[in-house]
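J.: Next come a sequence and a model predicted from it.
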Amino acid sequence: MARRRTTRSTRSGKGTGWLGPTLLFLAVAFPAAGLLGALQPLTGLPDEVLQLTQFGPALGVAAVALFRPSLVRGLLAGGGARGPRGVLLLSAPAITALAVAGTFLLHGRVPIHDPGSLAAPFGVVAAAQLLGACGEEIGWRCLLQPLLRTRFGPLGSSAAVGLIWGCWHVQVFTRAPAYAAGFLAAAVAMSVLLGLAWEQVGAHRLLLAGGFHTLVNLGMLLFLDEESGAVEPMVLFGVAGVLVALPWVLAGRRPARTDRLATT
């Protein structure tokens, strides 16, 4: 009986020691990102190519690994790959496409950033964006999300990570309130999408999350003008993120309803 009680406690997330690693991760990821951002101008590296702040979460993971190496190994390992990886990656350009469609409907044109005008060749930018995205996602989606999942479940943990991830981008709060709201909506929506996808996709999480993140960043870089501080592109981006995440939420709720009906 005692053994069964321990198993139920572990599955429900009670007593799994999530709080300490979470606080340590956040205590390192936030200030480390700020420090790396302060060092960026000294490197001469254009923000358009790579932002050093993106490696703050990776340093947070390293800090947790110093004290809980087995926990970090287990969280990063994930499970067996068995789900719709292609659908997950296609969701990223779908977000950009919806935001672009909204821009076209409002103005009859779409601002396109010529890839040839970037600070580096497009292939270099894409590779650097993937590297930076993985620097973020190893913390947000590969460590923090599965860590919080043990306590708050798939949807709650994904929404919480999305809100933390959005607030980590502190620079958005220097913009107009609607701009910040649009970004936070997109951050939470994309986090929920990725978190629910993890229920079906086990292995290769870092590459999948990094690839998704990279595709979103490249889409914003080429087709949206949100970096200028314009509110409308960011609001459209937030709405698009919510619309693309919604089918994943509905699909994630369907098995739960089926299970309840089967038990009645």
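T.: That came through fine.
J.: show me where pLDDT drops low in this structure?
T.: Along the chain, the parts satisfying pLDDT under 70 run over 1-16, 79-84, 202, 254-264.
J.: Can you show me the helices along it?
T.: Per DSSP state H, the chain carries helices over the ranges 2-12, 19-43, 56-67, 69-77, 85-107, 122-139, 145-168, 177-197, 205-223, 231-263.
J.: Mind putting the ones you listed into JSON lines with distance to residue 114 and mean neighbour count?
T.: In short, each C-beta sits where N, CA and C put it, glycine included. As requested, the helices of the chain are arranged in JSON lines below (distance: least, Cβ to Cβ, whole Å; neighbours: other Cβ atoms under 10 Å):
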{"stretch": "helix 2-12", "distance to residue 114": "52", "mean neighbour count": "9"}
{"stretch": "helix 19-43", "distance to residue 114": "24", "mean neighbour count": "16"}
{"stretch": "helix 56-67", "distance to residue 114": "31", "mean neighbour count": "20"}
{"stretch": "helix 69-77", "distance to residue 114": "38", "mean neighbour count": "14"}
{"stretch": "helix 85-107", "distance to residue 114": "16", "mean neighbour count": "17"}
{"stretch": "helix 122-139", "distance to residue 114": "10", "mean neighbour count": "20"}
{"stretch": "helix 145-168", "distance to residue 114": "29", "mean neighbour count": "20"}
{"stretch": "helix 177-197", "distance to residue 114": "25", "mean neighbour count": "23"}
{"stretch": "helix 205-223", "distance to residue 114": "9", "mean neighbour count": "21"}
{"stretch": "helix 231-263", "distance to residue 114": "17", "mean neighbour count": "16"}
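J.: and of these, who's closest to residue 49?
T.: The minimum distance between residue 49 and these falls on helix 122-139, with 4.9 Å, by Cβ to Cβ.
J.: Extract the CA atoms of the closest one and return them as PDB.
T.: Included here for helix 122-139 are C-alpha records, laid out as PDB according to Å, rounded to 0.1, in the frame of the first residue of the first chain:
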ATOM      1  CA  PHE A 122      20.400  34.500 -45.300                       C
ATOM      2  CA  GLY A 123      21.800  31.100 -44.700                       C
ATOM      3  CA  VAL A 124      24.100  32.400 -42.000                       C
ATOM      4  CA  VAL A 125      21.200  34.300 -40.400                       C
ATOM      5  CA  ALA A 126      19.000  31.200 -40.400                       C
ATOM      6  CA  ALA A 127      21.800  29.000 -38.900                       C
ATOM      7  CA  ALA A 128      22.500  31.600 -36.200                       C
ATOM      8  CA  GLN A 129      18.800  32.000 -35.500                       C
ATOM      9  CA  LEU A 130      18.500  28.200 -35.000                       C
ATOM     10  CA  LEU A 131      21.500  28.300 -32.600                       C
ATOM     11  CA  GLY A 132      20.000  31.100 -30.600                       C
ATOM     12  CA  ALA A 133      16.600  29.500 -30.600                       C
ATOM     13  CA  CYS A 134      18.000  26.300 -29.200                       C
ATOM     14  CA  GLY A 135      19.800  28.300 -26.500                       C
ATOM     15  CA  GLU A 136      16.400  29.500 -25.400                       C
ATOM     16  CA  GLU A 137      14.400  26.400 -25.900                       C
ATOM     17  CA  ILE A 138      16.700  24.100 -24.000                       C
ATOM     18  CA  GLY A 139      15.600  26.100 -21.000                       C
END
